[in-house]
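Participant: Got a predicted model here, sequence first, then my questions.
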Amino acid sequence: MNIIPGDGMRKCYFDYVATNPLHPEVLNTMMPYFKEEFGNPLSIYEPGQRAKKAIEEAREQVASMINARPSTIIFTSSGAEANSFALKGMAIAKQNQGNHVIVSRVEHHSILSSARFLEKSGFVVTYLPVDKYGFVDPEAVKDSITKETIVISIIHASSEIGTIEPIKEIAIVAQERNITMHTDAVATTGNIPIDVKDLGVDLLSMAAHQFYGPKGAGALYVKRGVRIVPLICGGIQEGGRRAGTENVPAIVGMGKAAEIAKSGMSRRIEHCKKLRDKIIEGVLKIPNVHLTGHHGNRLPHHASFVVEFIEGEAMLLMLSMKGIYSASGSACTSKALKSSPVLLSIGIPTALAQGSIVFSLGMSNTEEEVDYFLEEFPRIINRLREMSPFMKKKEGGSKCYTGG
Amino acid sequence: MWEYTEKVKDFFLHPKNVGRIEDADAIGEVGSLICGDALRLFLKIEKETGEIIDAKFQTFGCASAIASSSVITEPVKGRTLDEALEITNQDIAESLGGLLDEKMHCSVMGREALEAAIANYRGEAIAVEEKGRLVCKCFDATEEKIRKVAIDNYLTTVDKITNFTKAGGGCGGCRPEIETILRDIWPLRLPERPAIPKKLTNLQKITLIQEIIETEIRPRLQADNGDIELIDVDRNNVIVALRGMCAGCLMADVTIKGIQDKLRELISDDIVVEAQS
């Protein structure tokens, strides 16, 4: 299904981890709150109270998606805000109990940068290594805990490699030691079933635009009884834990998107998984291409690879000329000219990380699109490899990295 | 993503002269898989005239790396080796309609490949990179390379160096060292250059001329194996001697003119620079 307007050329949007298109029903639900229902939820007269009722309903919908009580949901502006809030807010709230924080090396920048901020403020941070699939070992978590440890934050699934972490096992470790456990579930919420009681976490971050909701809406689940220091100070919104007049349309949209995600989850997973497996199978037929992340235990809509001898940005641009939109963690794609730390942390050498390419799927994608992609992608790889000085070397038998 | 000019897009999507020359007379290789870009330039050279008659390239890298490689293969044809060496990385960037700062290192790589190929043909030490002390281990950048690029492109900050050479962009461990190199090249930080009083005494003028020659002009000439010595200052006439590769260089007049422009810009409009006869 073509969701991107343009020149009539086929467009395949394969970058759902970047963002999702808005579900049409979500947009319809949001519309009144851009227009006539403009009231401020704090106002005590009718229009204000209607807005208040709308965000409370959204709170119930989001809570229901992750099997939590509505009062545990704090709306934020984004997943990054939820992550920063969780890490900084918890560390500061518990600073009289200790100063040690544990995160993994495959965290999103919003966690890593918050961790660096805490380090500068006098906290001690452990960055846990991961194995070649990107898994954090719960035993390693246990070993790195000290008397000072107050917070553990491990990502639920990295949008770069798709591997789903053993959060439940890690949360058990945290619980035993009475340490607060947070998980960044931005990539997973709405895409795979999440039950906070089953996962056993104290805090969980999510973002609406990862499940067909609007941008500008995120949420942090904070278990009842867990004290957190606000990141944004001011008014009494969100129980005094997140100040600022609520983004009512976005919150309403997030609620609706959560409701649709919950009811349509198994159908969505089935749809994406089928296409994902087809992509993985097709792409791995190309020589010298490797899957990154774990084969089975990965996001249902996520396929990520490293391609030898060529560079990700060039691949990405050639694909985009064919109307196929994807992502890459190569250094040249990033403004900072740095390779993705996630790829380096799973032991991929800098050279190979240059050939990173990530495809992520959604409900708009079809089997025909995948067929079209599987036809074009090998051609693009060949074209770039023909230009590459490393291909010939390999054929000639001289030493070159083969990814093994 | 497409923050590239139309010319970059065009050279990337329809690159000219891709491939190898099997019986190439000169091959220049720069970069490596680790660096994230690598370029191999093949030249066919007419022995009698020293003229480049064909050029092809192979590139591993992003769109601007491919475009920078491709764009250099056309103008070198028909030039002699010395003429080809006049092409600077700024020329490459310019003929692509400009490059974003963080992609400038691609133009530097194009220029280096050309240098390496010509050095290869002349039987000189091959890789520019092999010379000198290694500063950035992540991206294989030597102190010499950093100095040269900094001076050629007037780079004054570590971030700029990273954009132009990638040095400092990996683990970041060498950033303080790059800072030291930059302070050594540009001892007077540009924004802190003392304001020049309207009326200079003779002594002040001479000191200022000396300072500018030492800090701004000499390093640039030395980077090209040349040198300069200030012989005398007589009112507004500045007499200098060109040394090293600059002595007897056909372009000496241009160099003298360049020095004069610089001194006029920084001191006063009526300065005349002459080479010692």
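Facilitator: On my side now, so go ahead.

Participant: Regarding chain A, what is its longest helix?
Facilitator: For chain A, the helix with the greatest residue count under DSSP state H is helix A:248-284.

Participant: partners of the helix or strand just after that helix, with directions?
Facilitator: Note on helix A:248-284: by DSSP states H and E, the next helix or strand toward the C-terminus is strand A:289-291. Here strand A:289-291 has these sheet partners by DSSP bridges: strand A:302-307 (antiparallel).

Participant: separation between the residue nearest to residue B:246 when sequence neighbours are not counted and residue B:174?
Facilitator: Leaving aside its sequence neighbours, residue B:246 sits nearest to residue B:226 (Cβ to Cβ, 6 or more residues apart in numbering or on different chains; 3.4 Å). Glycine gets a C-beta too; all of them are placed from N, C-alpha and C. Residue B:226 sits 28 Å away from residue B:174, going by Cβ to Cβ, to the nearest Å.

Participant: Of the two, which one has the most company?
Facilitator: residue B:174 (25 against 19; other Cβ atoms under 10 Å in any protein chain shown).

Participant: Enumerate every residue touching the more buried one.
Facilitator: For residue B:174, the contact set (Cβ atoms under 8 Å, 6 or more residues apart in numbering or on different chains) comprises B:135, B:136, B:137, B:167, B:168.

Participant: Just the ones of the residues you listed in strands?
Facilitator: In strands, defined here by DSSP state E, the members of these are B:135, B:136.

Participant: which one among the contacts of residue B:174 gets closest to residue A:266?
Facilitator: Residue A:266 lies nearest to residue B:168 out of those, by Cβ to Cβ, at 49.0 Å.

Participant: The closest one contacts residue B:175, doesn't it?
Facilitator: Yes - using Cβ atoms under 8 Å, residue B:168 is in contact with residue B:175, at 4.7 Å.

Participant: Compute the number of surrounding residues for the closest residue in space to residue B:252 that isn't next to it in sequence.
Facilitator: Distance criterion Cβ to Cβ, 6+ apart; nearest residue to residue B:252, sequence neighbours excluded, is residue B:242 at 5.7 Å. Neighbourhood size, residue B:242 [other Cβ under 10 Å]: 20.

Participant: Give me the phi and psi angles of the closest residue to residue B:61 other than its chain neighbours.
Facilitator: For residue B:61, ignoring the flanking residues on the chain, the nearest one in space by Cβ to Cβ, 6+ apart is residue B:37 at 3.5 Å. Backbone torsions of residue B:37, given as degrees, to the nearest 10, read phi -140, psi 150.

Participant: so residue B:31 sits in a helix?
Facilitator: No - using DSSP: H, G, I helix; E, B strand; the rest coil, the assignment for residue B:31 is strand, not a helix.

Participant: wait, what's in contact with it?
Facilitator: B:37, B:38, B:39, B:60, B:61, B:109 are the contacts of residue B:31 under Cβ under 8 Å, 6+ apart.

Participant: Give the intersection of the neighbour lists for residue B:168 and residue B:175.
Facilitator: With Cβ under 8 Å, 6+ apart as the test, residue B:168 and residue B:175 both reach residue B:158.

Participant: Pick out whichever of the two has more residues nearby.
Facilitator: Neighbours per residue, other Cβ under 10 Å: of residue B:168 and residue B:175, the larger number sits with residue B:168, 26 against 18.

Participant: For that one, which residues are in contact?
Facilitator: Counted by Cβ under 8 Å, 6+ apart, residue B:168 has contacts B:136, B:158, B:161, B:162, B:174, B:175, B:178.

Participant: And for residue B:10?
Facilitator: residue B:67.

Participant: What distance do you get for it to chain A?
Facilitator: 12 Å (Cβ to the nearest Cβ, to the nearest Å).

Participant: ok so, going back, just the contacts of residue B:31 now: which is nearest residue A:65?
Facilitator: residue B:61 (43.6 Å).

Participant: center of chain B - which residue?
Facilitator: Nearest to the mean C-alpha position of chain B, counting by Cα atoms, centre = their mean, stands residue B:152 at 4.0 Å.

Participant: if we can go back for a sec, out of the contacts of residue B:168, who's the most crowded?
Facilitator: Going by other Cβ under 10 Å, residue B:161 tops the contacts of residue B:168 with 29 neighbours.

Participant: Take the contacts of residue B:168 and keep only those in strands.
Facilitator: Those of those lying in strands (DSSP E): residue B:136.

Participant: Among the contacts of residue B:168, which one sits closest to chain A?
Facilitator: Comparing those against chain A with Cβ to the nearest Cβ places residue B:162 closest, at 6.4 Å.

Participant: Would you mind giving the contacts of residue B:168 as TSV with pLDDT and distance to residue B:22 added?
Facilitator: TSV is the format used below for the contacts of residue B:168 (pLDDT from 0 to 100; distance: Cβ to Cβ, whole Å):
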residue	pLDDT	distance to residue B:22
B:136	84	35
B:158	88	42
B:161	88	38
B:162	86	37
B:174	88	39
B:175	87	43
B:178	90	40
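
Participant: and the contacts of residue B:168 as TSV, adding distance to residue A:229?
Facilitator: Listed next are the contacts of residue B:168 as TSV, based on distance: Cβ to Cβ, whole Å:
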residue	distance to residue A:229
B:136	41
B:158	36
B:161	40
B:162	36
B:174	38
B:175	34
B:178	39
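
Participant: Off-centre distance for stretch B:207-224?
Facilitator: 16 Å (Cα atoms, centre = their mean, to the nearest Å).

Participant: what's the answer for stretch A:72-80, then?
Facilitator: For stretch A:72-80, the distance to the chain centre is 14 Å (Cα atoms, centre = their mean).

Participant: ok, and for that stretch, which residues are buried?
Facilitator: Judged by neighbour count (16 or more other Cβ atoms under 10 Å in any protein chain shown), stretch A:72-80 contains these buried residues: A:72, A:73, A:74, A:75, A:76, A:77, A:78, A:79, A:80.

Participant: I figured residue A:255 hits residue A:65, correct?
Facilitator: No - counting by Cβ under 8 Å, residue A:255 sits too far from residue A:65 to count as a contact (9.3 Å).

Participant: Just the strands from chain B, written as ranges.
Facilitator: Using DSSP E, strands in chain B cover B:26-32, B:37-46, B:51-60, B:134-136, B:141-142, B:226-234, B:237-244, B:272-275.

Participant: Can you list the low-confidence ranges for the stretch 51-200 of chain A?
Facilitator: Applying pLDDT under 70 to the stretch 51-200 of chain A flags no residue at all.

Participant: what's the spacing between whichever residue of the stretch 151-277 of chain B sits closest to chain A and residue A:43?
Facilitator: Minimum separation of the stretch 151-277 of chain B from chain A (Cβ to the nearest Cβ) falls at residue B:169, amounting to 4.2 Å. Distance, residue B:169 to residue A:43, by Cβ to Cβ: 51 Å.

Participant: Enumerate every residue touching the residue nearest to residue B:246.
Facilitator: Contacts of residue B:226 (Cβ under 8 Å, 6+ apart): B:242, B:243, B:244, B:245, B:246, B:247, B:249, B:255.
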